[in-house]
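> sequence? don't have it. structure:
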């Protein structure tokens with residue numbers, strides 16, 4: 001896994017690492033037993049402070065998502081993936097078709113993001129776990 005740190009995003013670098021790791025766990029790109037890159041590897045690819053990486057890994061460890069093994073590295077403990085997020089899921093295929101239709105309608109990335117955000121708020125208000133009907 002390679003972390004992409006966007007310095008102009010307004011999001012702290014450690015939080016970007018946490019968010020990207022959670023996303024990879026949710027999409028099944030990282031699975032239990034996978035090793036995260038060492039702090040030195042992340043520093044070499046992103047030019048951030050090693051303490052920033054360690055802070056992110058500690059936050060993930062506090063959530064029970066990863067486990068640091070002394071002298072060996074940091075490993076994934078549990079997944080956040082759901083069946084609907086798998087690469088071969090019908091929901092993912094349906095969303096890809098929708099994205100293709102959005103692109104064909106000349107929507108740009110920001111248009112799609114705005115529409116998705118609005119619909120997320122409609123269907124999953126205030127971070128609720130249960131979709132709203134109607």
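Great, that's in hand. Note that the coordinates shown come from a computational prediction; the quantities given were computed from them, not determined experimentally. Residues are numbered from 1 along each chain as shown.
> Leaving out chain neighbours, which residue sits closest to residue 31?
Counting by Cβ to Cβ, 6 or more residues apart in numbering, residue 31 lies nearest to residue 79, which is 5.6 Å off, once chain neighbours are set aside. C-beta coordinates here come from the backbone N, C-alpha and C atoms, glycine included.
> any idea how far residue 62 is from that neighbour?
Distance of residue 79 to residue 62, given as Cβ to Cβ, to the nearest Å: 17 Å.
> Equivalent analysis for residue 51, please.
Counting by Cβ to Cβ - residue 51 and residue 62 are separated by 16 Å.
> Quick one: residues contacting the residue nearest to residue 31.
Contact analysis of residue 79 by Cβ atoms under 8 Å, 6 or more residues apart in numbering lists 25, 28, 30, 31, 32.
> Out of these, the closest to residue 113 would be?
Among these, residue 25 lies closest to residue 113 (Cβ to Cβ), at 21.7 Å.
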